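In: let me see the structure of the following:
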Amino acid sequence: MKIKHQLAIFNALTRLLVILILWLMLPILVENVLYRHINNGLIEKKKKFIEHLNQQEINDFIENEGDSTETYSQFSTLHSEFLVLSKMPARYHQKRTMFKNEYRIIEGEENEYRILKYHFVYGNQSYQLEIGSSLSEVNDLTFIIRFFIIIVLVVILLVTFLADTVYIEYLLKPFYKIIDTKIRRVNEPEAFDHTPINAKSRDFKELDLVLNQMMDRIADVFKKEKQFISNVSHELLTPIALLKNKFENLLQNESLDDNAIDKIAGSLKTLDMLKKIINNLLLISRIENHQYESNERINFQHIINELQEGLQDRIEDKGIRFSNETKHDFVFTGNKTLIHILIYNLVTNAIKYNTTNGEIIVSDGFLQDRYFISIADSGIGLNESQVENIFNRFTRVNSEQEGQGLGLAIAKSIAVFHHIEIKVSSVINEGTVFTLLF
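Out: Predicted coordinates for the structure are as follows:
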């Protein structure tokens with residue numbers, strides 16, 4: 001996941017957390033505000049009632065004086081408010097004013113009310129005044145407020161998420177430009193673009209500067225490595241050629257016995273093997289340092305036909321049936337010499353590790369719009385561990401076979417140079433299939 005998406009999601013999650021906290025606190029906040037408003041209204045009504053209270057009014061409220069618990073009730077048409085005045089025993093004591101939420105049944109209809117209870121003494125008689133206000137509208141209002149606020153918060157969350165994504169992408173635009181133009185498209189230090197990136201952030205400017213400095217150091221090391229490879233090529237191959245020439249001259253000496261001739265011949269063989277190893281290592285190094293051009297048009301059918309003709313003697317010696325089943329006239333742009341070496345190494349590998357009277361099948365086709373060449377043999381096969389390490393340098397499948405274990409390492413380097421994917425599938429004692437995906 002890209003960093004811009006991670007930052008946008010993080011910001012969205014933090015806002016969502018704030019929304020959840022507000023959502024949980026909303027009922028408490030709303031109820032406190034509304035209850036405070038209702039309480040103030042009830043207190044005002046109580047004050048007006050008490051201010052105009054006199055014995056005549058009490059008698060009008062309570063007509064029957066025989067029972068000390070007689071009450072009188074008065075309520076609005078819609079039952080949204082009520083007023084109850086009750087006589088209380090003389091010894092009844094409670095807080096002078098208190099508020100409670102209670103359910104009351106008024107004319108057969110039960111509703112929840114916010115009730116002010118007020119105890120007072122008038123004319124040596126204790127009374128309790130109850131003034132109630134219906135909470136049904138408050139509850140409906142609370143629900144509407146919560147619903148409205150949650151919609152607003154969700155809209156804010158979506159809008160801010162999109163805004164964050166766009167803004168973060170704008171901030172990170174120099175970062176992705178650095179990756180695209182200065183890293184992803186650079187295959188060698190010489191192709192590195194030192195043009196400063198246009199960025200308003202000081203961090204990205206510093207990153208660009210440090211990257212330019214790092215690539216300068218890499219380019220310097222790269223040049224030294226190329227010079228070293230050139231020196232190694234001259235300094236190692238020249239003495240080998242001189243030694244080989246001296247040994248060949250020694251063989252012309254007729255005074256040598258058979259034992260000396262065998263030793264000199266063995267030394268020449270060792271020098272040839274050493275020269276081949278050096279040349280292969282130099283080849284790998286040059287490939288990995290991109291010292292080859294890759295602008296030639298390559299026809300794979302021509303290469304495979306040439307290989308079949310050139311390797312016919314080795315194929316016939318082991319009685320191998322070689323089948324060229326390539327059908328597509330696919331043209332690829334690259335280095336013809338290197339591609340020839342790539343396929344040559346895979347085919348000779350299939351010959352070397354094949355069984356007598358075995359089979360090699362070279363085929364091609366298209367897999368998910370990608371052209372492929374498959375080289376299948378009926379040889380000794382590879383186990384899982386061998387498949388994982390088969391492209392490592394100096395790795396040999398069978399120690400009894402000749403070779404230095406560099407053929408597949410070279411093939412891998414050539415494939416990477418041409419952006420070709422190599423897949424290997426193998427079964428012990430059944431064979432191996434190398435697939436080149438272009």
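In: in stretch 259-275, which residues are buried?
Out: 264, 268, 271, 274-275 (16 or more other CB atoms under 10 Å). Just so you know, the C-beta spots here come from the backbone N, C-alpha and C atoms, and that holds for glycine as well.
In: for stretch 410-421, same thing?
Out: Buried residues in stretch 410-421 (16+ other CB under 10 Å): 410-415, 417-418, 420.
In: check the closest residue in space to Glu430 that isn't next to it in sequence and give its pLDDT.
Out: Nearest non-adjacent residue to Glu430, counting by CB to CB, 6 or more residues apart in numbering: Gly381, 5.5 Å away. In this model, Gly381 is scored at 90, pLDDT.
In: is Gly381 in a helix, a strand, or coil?
Out: Judged by DSSP: H, G, I helix; E, B strand; the rest coil, the three-state class of Gly381 is coil.
In: which residue ranges of the stretch 101-250 of the chain form helices?
Out: Per DSSP state H, counting those that start in this stretch, the stretch 101-250 of the chain carries helices over the ranges 136-178, 202-251.
In: of the ones you listed, which is nearest Glu309?
Out: Glu309 lies closest to helix 202-251 among the helices of the stretch 101-250 of the chain, at 30.0 Å (CB to CB).
In: where does the stretch 251-400 of the chain have low pLDDT?
Out: 397-400 (pLDDT under 70).
In: so which of the buried residues of stretch 259-275 belong to helices?
Out: If you go by DSSP state H, those have 264, 268, 271, 274-275 in helices.
In: in JSON lines: the buried residues of stretch 410-421, plus secondary structure and pLDDT.
Out: Output for the buried residues of stretch 410-421, formatted as JSON lines (DSSP: H, G, I helix; E, B strand; the rest coil; pLDDT from 0 to 100):
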{"residue": "Ile410", "secondary structure": "helix", "pLDDT": "90"}
{"residue": "Ala411", "secondary structure": "helix", "pLDDT": "92"}
{"residue": "Lys412", "secondary structure": "helix", "pLDDT": "92"}
{"residue": "Ser413", "secondary structure": "helix", "pLDDT": "90"}
{"residue": "Ile414", "secondary structure": "helix", "pLDDT": "92"}
{"residue": "Ala415", "secondary structure": "helix", "pLDDT": "93"}
{"residue": "Phe417", "secondary structure": "helix", "pLDDT": "89"}
{"residue": "His418", "secondary structure": "coil", "pLDDT": "92"}
{"residue": "Ile420", "secondary structure": "coil", "pLDDT": "94"}
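In: Thr355 versus the residue lying closest to Phe391 once chain neighbours are set aside, what's the distance?
Out: The shortest distance from Phe391 to any non-neighbouring residue, by CB to CB, 6+ apart, is to Lys412 (4.1 Å). In this view, Lys412 and Thr355 are 25 Å apart by CB to CB, to the nearest Å.
In: repeat for Thr395
Out: Thr395 is 21 Å from Thr355, by CB to CB.
In: Phe322 now?
Out: 14 Å.
In: who's more crowded, the two?
Out: Between Phe322 and Thr355, Phe322 has the larger neighbour count (other CB atoms under 10 Å), namely 19 against 15.
In: how far does the host helix or strand of the more buried one sit from its chain's centre?
Out: If you go by DSSP states H and E, Phe322 is part of strand 321-325. Centroid separation between strand 321-325 and its chain, computed with CA atoms, centre = their mean, to the nearest Å, is 44 Å.
In: just checking, what packs against it?
Out: Secondary-structure packing of strand 321-325 (3 or more CB pairs under 8 Å, 6 or more residues apart in numbering; DSSP states H and E): helix 300-310, strand 359-367.
In: what residues sit buried inside the last one?
Out: By that I understand strand 359-367. In strand 359-367, counting by 16+ other CB under 10 Å, buried: 359-364.
In: wait, which of those residues is closest to Thr160?
Out: The nearest one, if we look at the buried residues of strand 359-367 relative to Thr160 and count by CB to CB, is Asp364, at 53.8 Å.
In: domain ranges for this protein?
Out: The chain is divided into the following domains under automatic domain parsing: 3-140, 220-288, 296-437.
In: quick check: which of those is nearest to Glu206?
Out: domain 3-140 (17.2 Å).
In: parallel or antiparallel, which strands does the longest strand along the chain pair with?
Out: Counting by DSSP state E, the longest strand found in the chain is strand 109-122. According to DSSP bridges, strand 109-122 forms sheet pairs with strand 97-106 (antiparallel), strand 125-134 (antiparallel).
In: just these: most buried one?
Out: strand 125-134 (a mean of 20; mean count of other CB atoms under 10 Å).
In: mind listing residues that contact that one?
Out: With CB atoms under 8 Å, 6 or more residues apart in numbering as the contact definition, strand 125-134 has outside contacts at 38, 41-42, 45-46, 49-50, 58, 79-90, 92, 102, 104, 111-121.
In: go on, stretch 335-349?
Out: By CB under 8 Å, 6+ apart, stretch 335-349 touches 283, 287, 292-294, 296, 298, 300, 303-304, 306-307, 311, 314, 332, 360, 362, 373, 375, 407-408, 410-411, 414-415, 417-418, 420, 434, 436.
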